[in-house]
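>>> sequence and predicted structure, then a few things I'm wondering about:
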Amino acid sequence: MATKLSQRKQLRLFGVILSAVMVFWLTVYGFSQQLSLNSLWPGYCIASILFAIAIINPPWLSQPYRYWLKGAHGLNRLITATTLGICFFCIITPTAFIKRAFGNDAMFKPSHLPNSYRQNSEVITPSDMEHPF
């Protein structure tokens with residue numbers, strides 16, 4: 001069930017989630033590279049400042065939030081076009097080649113069909129019009 005949040009709540013949620021993700025990835029990166037806390041403290045400071053802004057005054061995050069959404073929409077357009085292109089060239093095109101190799105053409109129109117699919121109606125007499133329904 002989707003709920004519509006107010007702008008202030010959206011900005012607060014954006015700041016809190018972004019700071020939590022920053023802390024998570026900094027921690028994972030620090031452990032994987034065996035780095036000390038001294039080399040990661042600037043990232044943790046930025047995440048804590050972002051968290052504080054999200055809690056105290058969320059409207060300050062409106063401009064970064066707009067840029068974040070513009071970037072997300074751009075990535076959405078790129079990924080959608082790429083995915084559809086891959087599906088077309090990996091699924092639909094080979095299927096068409098296989099159908100054509102077996103002699104089946106989707107645009108083939110048999111020559112034995114009539115020129116029109118219209119069916120002539122029965123001859124109507126004046127007595128049929130006395131009680132049409």
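Everything's here; your move. Numbers count the residues shown, from 1 in each chain.
>>> make it CA atoms for all contacts and neighbour counts henceforth
Will do.
>>> in which helix or strand does L78 reside?
Here L78 sits within helix 62-87, counting by DSSP states H and E.
>>> that helix - what's its average pLDDT?
Confidence over helix 62-87, taken as the mean pLDDT, stands at 96.
>>> check stretch 20-30 too.
For stretch 20-30, the per-residue pLDDT values average out at 92.
>>> got a list of contacts for stretch 88-104?
Residues outside stretch 88-104 that contact it (Cα atoms under 8 Å, 6 or more residues apart in numbering) are D105.
>>> keeping just the C-alphas, turn that stretch into CSV.
Presented in CSV, the C-alpha positions along stretch 88-104 are these (Å, rounded to 0.1, in the frame of the first residue of the first chain):
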residue,chain,number,x,y,z
PHE,A,88,14.7,-7.2,-28.9
PHE,A,89,18.0,-8.3,-30.3
CYS,A,90,18.4,-11.4,-28.1
ILE,A,91,14.8,-12.7,-28.1
ILE,A,92,12.6,-11.3,-30.9
THR,A,93,15.2,-11.1,-33.7
PRO,A,94,16.4,-14.8,-33.3
THR,A,95,12.8,-15.9,-33.1
ALA,A,96,12.0,-14.2,-36.4
PHE,A,97,15.1,-15.7,-38.0
ILE,A,98,14.1,-19.2,-36.8
LYS,A,99,10.6,-18.8,-38.1
ARG,A,100,11.8,-17.6,-41.5
ALA,A,101,14.3,-20.5,-41.7
PHE,A,102,11.4,-22.9,-41.4
GLY,A,103,9.4,-21.0,-44.1
ASN,A,104,7.0,-19.2,-41.8
